[in-house]
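**Student:** Return a 3D structure for these sequence lines:
(chains A and B)
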Amino acid sequence: MSTANANVTLFDDEFLKKLEYLNIISKRLFAGQLRAERRTRKRGTGLEFADYRQYVAGDDFRHLDWKAYLRLNRLILKLFEEEEDLPIYFFVDSSQSMNYGQPTKLDYARRVAAALCYIGLANLDRVNVISFADGVKAELPPQRGKGRIFKIFRFLTDMAPSGETDARASFKTYCTETRRRGLAVVISDFFDGHGFATALDILRHFRHDIFVVHIASHEEIDPGLRGELLLVDAESNATREITITPSLLTAYKAEYLKYCEAVESYCGKYQLGYVRTTTDFPFEELVLKVFRQGRFLK
Amino acid sequence: MTFLALTPVQTALLAILTASTIIALYFLKLRHRRVVISSSILWRRVLDEQQSHSLWETLRRLLSIVIAVTIALLIALALARPEAQSLTGKNERIVIVLDTSPTMSTQTSDGRTRWQHAVDDARDLLNSGGPTTEFRVIDTAGATASAFTTDRNEVRKLIREMSPKTADPQFPKVNGQDAQVYFVSDGVTIHNTPSFVRRISVFEAANNVGITAFEIRSIPSTPLGYEAYLEVQNFGQAAEAGIILSGTGGQRINKTVRLGTGDSYRDVFDLSRFAGGGIRATVQAKDDALPLDDVAFAYLPVKRKTRTLLVTKGNNPLETLLKLDNYVDLSVSDPASYRDSADIDAYIFDRFAPAAAPSHPALIIGAPSAPWLRPTTGEVEKPEITTWSDDHPVMQFVSVHDLSIERAWVIDASGLTVIAASKQTPLIVVSEKPKWVMLTFDLASSDFPFHVGFPVFIENVLAWFSREQLALRRSPGIIDVPLPNAQIRTIDGKIIPSDQQLGKTVFQANDPGLYSATQGDQRIHVAVNLANPLFSDVNRSVFKTDKAAAEQHYWLRRELWFYMLVAALALISIEWFTYHRRITL
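**Tutor:** Take a look at the predicted model:
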């Protein structure tokens, strides 16, 4: 698929209309909250009172509580909460396994990522988009403001499926660089030979808020395979001769369900946001589902 | 196991070749369809788990090979036509002799007949044989004798067409050396069978009251007087029997008699009240098992005067005798006045013969010379009668052994029937065509007119000339009538097919009845009656039950190749079913 075509197909006018709709919905859902008002542990120059402390030399005396001085004859400094924008990291799995299904999981992931990015940008958050497979393949520097959405579109469009999945190595590489803590949105099919748990452990270790978007293709959930087949792994190109029997298919479906439940169970255990979807599920409804989880926007 | 189509070596080679080909083909790699999947992680897990059942996997593969090889071997070996004696029996020959005696028509307690039971037993025998067993079926009437065949349907068809016959039953000549011979019978009419014959009995005791004799006979003392003789016998338990004699004119005689076991009833019935025609005798008894002998027929000649012309120079005894006969319309003429007339039924020429043969039958007394008669070649003094025939109707109830003759003429009797003769010359000769009877002696030169048999002789001659005769008596079966090219009709007038044999007309009559054979103005009646105590005594069986002989049983009815192909087909179906459900590979 050429970049231009993908751009037209994935992010056309219809898509933009949907983004705007989602933006309005998000505002209605989170009405009363100020933009970019993310309380942090830092004390700073915000408007919200946070605490008192003893004045020390060098403090801004504009924040001295003169009334307290008159009553107590002591210099007490008023502290305010620092208000800063929230970094949102979108980890989009662009391994070869994502290039599967109709539409492909990667296309679906692009749309979901684009929608969430748009909401993030509209909330004046700093949006980072990272393409990963067996490592960090590409990353988009932090973007802020709705006007940057087209840059994100371009980045997502240019994202090409390749390589095996190694989320652990990818996250580790990205997080060990100096990064601020933030919201890490992982969009992937979680077909990771090294295990999904160790990858998410890395993000947890760096104290990110984590939101998991688990994408599955309908062809994976219910593969219409029959007979004597040579299965080829899209990522590793490993092959295996197999005779698909009804019992084998049943076993596979059970295994797939078990795997999905394992991912969900992990997220539940560590209170991570989790949504699972299939590529034939409307992406805007998925985004609303993400909103309802209450973890993406606070 | 033997093979009919191939030698054992060829069969073994075929089997080895087939099995190795199938196994080789089985191990040829199938080109699997290539399918790209997003990840094989989950498939790997599932397959690893499945491989824990590796024993089953191995067995599955083995099972598939075994099924494929078995199918191929079954088809290949079927071509060799295998044969297993334990399953299909050896190549044996079985002769089934079915008793077709009349007694086989006896009904049994289940409402069927002994014959039907015999047919069932014969079919059991057919079913008991193996696929290569050859069968032959023969009856005891000589009507059916098939060749050896393995085609059971043909044998079944033959058996279906067979039925009890009233012909004299005889055990057929069969060779017990190369075949097993079974005789299915009730053991009533055929008592002796060869020792190698295995007997299967269908005998069951039954009640039967039957007519064992029925005939109409003339009363010698009464011209054209007839009486009926009837004999009825009980061969079962004591029973009351109703006897009915009925004539075509509606005359009827009823009688009821009680008969103990083995009792017989004999009676003579006066038929003077009966008009001429068929007479039917029936006997009715409760639980009678054999209907065949419950009815009998006879023929009562129609009484009619014979217009007779006596041509004589004078013969008082003869003239008086004829005048006294109520059934003779006599005219007397001297030789000079003789004219052949169509109004005359019979002529009596006393020492005279016209130049031309008369148009009607004639009794010629003496040996006058005439072109249509045999010339005399001399005279014999005091000839002694040495031979005579009782069988000819002319001689019925006539005794001539003490006849005294002074003089007789010598004639050449070739081509004529001699019914009485001395050593030197025939004394009474008969010509069948034209019909005439000649005495080669003069009545005046013998004491024949004074014999008691003389009136009977004259009556017999006139009766033979033109009166109706009593019916010929025959038993059911093939009937022969001494009248060539005759048309045979039943008592109802229905024409039945007939054949010609040696100047006789032959036809088939399986049931009792009255038949008439007609040729031109000649007519002979034939009364066909069972009337035979041997057939009516349905309980005179000598057989012991030999059911064990019929219990021979082989598992299979066809050659093995048929079952092998069926098995191969079944296995192919199973393989198809299991393959599509991935049970087999």
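**Student:** Just want to check the distance between B:Ala367 and chain A.
**Tutor:** From B:Ala367 across to chain A, the span is 117 Å (CB to the nearest CB, to the nearest Å). The way it works is simple: take the backbone N, C-alpha and C, and place the C-beta from them, glycine included.
**Student:** Counting neighbours, what do you get for that residue?
**Tutor:** A count of neighbours around B:Ala367, defined by other CB atoms under 10 Å in any protein chain shown, yields 25.
**Student:** any low-confidence regions in the chain?
**Tutor:** Since no chain was named, I'll use chain A. Counting by pLDDT under 70, the ranges of chain A that qualify are A:1-11, A:24-48, A:81-85, A:178-179, A:293-298.
**Student:** Correction: the question concerned chain B.
**Tutor:** By pLDDT under 70, the low-scoring segments of chain B are B:4, B:29-30, B:51-57, B:85-91, B:220, B:223, B:543-558, B:582, B:585.
**Student:** At which residues are the helices of it located?
**Tutor:** Remark: helices of chain B, listed N- to C-terminal, are B:8-27, B:41-50, B:54-79, B:85-88, B:114-128, B:152-161, B:316-324, B:453-466, B:533-536, B:560-580; assignment by DSSP state H.
**Student:** what angle do the last one and helix B:54-79 make?
**Tutor:** Interaxial angle, helix B:560-580 versus helix B:54-79 (axes from the mean of the first three to the mean of the last three CA atoms, to 10 degrees): 150 degrees.
**Student:** Now find how far off-centre stretch B:100-110 is within its chain.
**Tutor:** 15 Å (CA atoms, centre = their mean, to the nearest Å).
**Student:** now do the same end-to-end measure for that stretch.
**Tutor:** The stretch stretch B:100-110 measures 20 Å between its terminal residues, going by CA to CA, to the nearest Å.
**Student:** go on, stretch B:430-442?
**Tutor:** For stretch B:430-442, the first-to-last residue distance is 16 Å (CA to CA).
**Student:** which residues touch it?
**Tutor:** B:351, B:357, B:361-367, B:372-373, B:383, B:392, B:394, B:405-411, B:416-419, B:425-429, B:448, B:461, B:464-465 (CB atoms under 8 Å, 6 or more residues apart in numbering or on different chains).
**Student:** just the buried members of these?
**Tutor:** B:351, B:357, B:361-367, B:373, B:383, B:392, B:394, B:405, B:408-411, B:416, B:418-419, B:425-429, B:448, B:461, B:464-465 (16 or more other CB atoms under 10 Å in any protein chain shown).
**Student:** What's opposite B:Gln180 in the beta bridge?
**Tutor:** B:Ile94 (DSSP bridges).
**Student:** Tell me if I'm right that it and B:Arg93 touch.
**Tutor:** Yes. Under the criterion of CB atoms under 8 Å, B:Gln180 lies in contact with B:Arg93, with a separation of 7.0 Å.
**Student:** shared neighbours of the two, anything?
**Tutor:** Looking at what touches both B:Gln180 and B:Arg93 (by CB under 8 Å, 6+ apart), there is no common residue.
**Student:** Contact partners for B:Thr149?
**Tutor:** Contact criterion CB under 8 Å, 6+ apart gives B:134-136, B:155 as the residues in contact with B:Thr149.
**Student:** what about B:Ile574, how many neighbours?
**Tutor:** 14.
**Student:** no wait, B:Gly520
**Tutor:** For B:Gly520, the tally of surrounding residues (other CB under 10 Å) stands at 8.
**Student:** again with B:Ser128
**Tutor:** Neighbours of B:Ser128 (other CB under 10 Å): 18.
**Student:** Now do it against B:Pro8, distance only.
**Tutor:** 29 Å (CB to CB, to the nearest Å).
**Student:** same deal with B:Ile75?
**Tutor:** According to CB to CB, B:Ile75 and B:Pro8 sit 18 Å apart.
**Student:** who's more crowded, the two?
**Tutor:** A direct count of neighbours by other CB under 10 Å for B:Ile75 and B:Pro8 places B:Ile75 higher, at 18 against 11.
**Student:** who's in contact with the residue nearest to the more buried one when sequence neighbours are not counted?
**Tutor:** The shortest distance from B:Ile75 to any residue that is not its chain neighbour, by CB to CB, 6 or more residues apart in numbering or on different chains, is 5.2 Å, and that residue is B:Ala568. With contact set as CB under 8 Å, 6+ apart, B:Ala568 has these partners: B:71, B:74-75, B:78.
**Student:** How about B:Ala357?
**Tutor:** B:Ala357 is in contact with B:370, B:372, B:434, B:436, counting by CB under 8 Å, 6+ apart.
**Student:** Format the contacts of B:Thr149 as a markdown table; extra columns: neighbour count and distance to A:Tyr52.
**Tutor:** What follows is the contacts of B:Thr149, written out as a markdown table (neighbours: other CB atoms under 10 Å in any protein chain shown; distance: CB to CB, whole Å):
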| residue | neighbour count | distance to A:Tyr52 |
| --- | --- | --- |
| B:Glu134 | 18 | 125 |
| B:Phe135 | 26 | 125 |
| B:Arg136 | 19 | 130 |
| B:Val155 | 24 | 125 |
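**Student:** Distance to B:Thr490 added to the residues you listed, as a markdown table?
**Tutor:** Formatted as a markdown table, those follow (distance: CB to CB, whole Å):
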| residue | distance to B:Thr490 |
| --- | --- |
| B:Glu134 | 41 |
| B:Phe135 | 37 |
| B:Arg136 | 35 |
| B:Val155 | 33 |
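**Student:** what's the farthest-apart pair in the residues you listed?
**Tutor:** Distances among those were taken as CB to CB; the most separated pair is B:Glu134 and B:Val155, at 9.6 Å.
**Student:** Whichever residue of the stretch 251-400 of chain B sits closest to chain A and B:Ala238: what is the separation?
**Tutor:** As assessed by CB to the nearest CB, chain A sits closest to B:Ala289 within the stretch 251-400 of chain B, at 69.3 Å. To B:Ala238, B:Ala289 is 15 Å away according to CB to CB.
**Student:** repeat for A:Leu116
**Tutor:** A:Leu116 sits at a distance of 117 Å from B:Ala238 (criterion: CB to CB).
**Student:** Between these two, which has more neighbouring residues?
**Tutor:** More neighbours surround A:Leu116 than the other of A:Leu116 and B:Ala238, with 29 against 12 (other CB under 10 Å).
**Student:** Can you classify that one by secondary structure?
**Tutor:** Applying DSSP: H, G, I helix; E, B strand; the rest coil to A:Leu116 yields a three-state assignment of helix.
**Student:** Quick one: residues contacting the closest residue to A:Gly227 other than its chain neighbours.
**Tutor:** Excluding its sequence neighbours, the residue lying closest to A:Gly227 (CB to CB, 6+ apart) is A:Ile244, at 6.2 Å. Applying CB under 8 Å, 6+ apart to A:Ile244 gives the contacts A:225-227, A:229, B:582.
**Student:** hang on, isn't the residue of the stretch 251-400 of chain B closest to chain A packed against B:Glu204?
**Tutor:** No. With the criterion set as CB under 8 Å, B:Ala289 and B:Glu204 do not qualify as a contacting pair; they are 9.1 Å apart.
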